[in-house]
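Trainee: next input, structure requested:
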Amino acid sequence: MAYLVPGHILTVMGDTTEHSVNLRVSDAEREHVVALLTSATGRGLIDLAEFTARTDLALAARTRGDLNTLLLDLPGLAHADQPRSVPPPGSRLELREAGHGIRRRGDWQVPETLVLRPRTGTVDLDFGHARVDHREVRIELHGGATRVKLRFPLDATVDVEGLVTRRGKPSQVRDKGGLVGTGGAPHFVLTGRSASGQVVLLPSDPG
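Mentor: Below is the predicted model of the structure:
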């Protein structure tokens, strides 16, 4: 049985070492992830188009890290005997696009450093109802996102000085909630490059 553990590692048969994320995967492991994706489709977590895209990536995966990125945003796939995946203090989580962009909403654990690697889709992250255990969270953006939309909790502040376009010019940031500044708790520091340079900052819906 495969499951998620701290350090966003796909583990098989009890292997939970952090180095396992770089281990090569077998056909059986690929097929197991496809079965999990089939279950996720049946529960309405992903649609048929995204299932097809993720299945293609699963069958072409080389490492357990490649497989694990396909499951990170799908709740309820953890092994019943293991605790829910929680990045440890000082953790780093990397999210790659699988299907139609990178999205996170609801109750999810935010690491100290979040690395986003979109391809051509959008980034849509909501931190309003997430668990943030760090006073400062660093978000690194790498890739070709056509649009980045980020929602932040009440009292949070955001530093966007490190965001640039692919050509090195400052990104176009639309601050719709008066979020840019310092001294908030938590404080988010955005760095990296965005394809179009368009980044939208919004307050999270309190509901």
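Trainee: what's the domain layout of this protein?
Mentor: Each structural domain of the chain that the record assigns through automatic domain parsing is listed here as a residue range: 1-85, 88-207.
Trainee: what's the distance between residue 149 and residue 91?
Mentor: Noted for residue 149: a distance of 24 Å to residue 91, by C-beta to C-beta, to the nearest Å. Backbone N, C-alpha and C define where each C-beta goes, glycine included.
Trainee: mind saving the C-alpha coords of stretch 100-110 as PDB?
Mentor: Backbone C-alpha positions of stretch 100-110 (Å, rounded to 0.1, in the frame of the first residue of the first chain) are rendered in PDB as follows:
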ATOM      1  CA  HIS A 100      -4.900  21.800 -15.000                       C
ATOM      2  CA  GLY A 101      -2.700  23.900 -12.800                       C
ATOM      3  CA  ILE A 102      -1.800  23.800  -9.100                       C
ATOM      4  CA  ARG A 103      -4.600  24.300  -6.600                       C
ATOM      5  CA  ARG A 104      -5.000  24.000  -2.800                       C
ATOM      6  CA  ARG A 105      -8.000  24.900  -0.700                       C
ATOM      7  CA  GLY A 106      -9.500  24.000   2.600                       C
ATOM      8  CA  ASP A 107      -7.600  22.400   5.500                       C
ATOM      9  CA  TRP A 108      -4.000  21.700   4.400                       C
ATOM     10  CA  GLN A 109      -0.700  22.000   6.100                       C
ATOM     11  CA  VAL A 110       1.500  24.800   4.800                       C
END
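Trainee: how far is it from where the chain is centred?
Mentor: Averaging C-alpha positions (C-alpha atoms, centre = their mean, to the nearest Å) puts stretch 100-110 6 Å from its chain's average.
Trainee: avg pLDDT for that stretch?
Mentor: Model confidence over stretch 100-110 averages 84 on the pLDDT scale.
Trainee: neighbouring contacts of it?
Mentor: When contacts are defined by C-beta atoms under 8 Å, 6 or more residues apart in numbering, stretch 100-110 is touched by residues 49-50, 53, 73, 75, 85-87, 95-96, 116, 118, 121-127, 129-134, 137, 145.
Trainee: so where's this structure uncertain?
Mentor: Counting by pLDDT under 70, the ranges of the chain that qualify are 1-21, 76-90, 98-99, 144-146, 195-197, 207.
Trainee: show me the helices in it, by range?
Mentor: For the chain, the helices defined by DSSP state H cover 27-42, 48-59, 64-68.
Trainee: and the last one, what does it pack onto?
Mentor: This points to helix 64-68. strand 9-12, helix 27-42 (3 or more C-beta pairs under 8 Å, 6 or more residues apart in numbering; DSSP states H and E).
Trainee: so what's the residue count around residue 118?
Mentor: Counted with other C-beta atoms under 10 Å, the burial measure for residue 118 works out to 22 neighbours.
Trainee: nearest residue to the residue nearest the centre of the chain other than its sequence neighbours?
Mentor: For the chain, the residue nearest the mean C-alpha position is residue 95 (3.8 Å; C-alpha atoms, centre = their mean). Leaving aside its sequence neighbours, residue 95 sits nearest to residue 102 (C-beta to C-beta, 6 or more residues apart in numbering; 5.1 Å).
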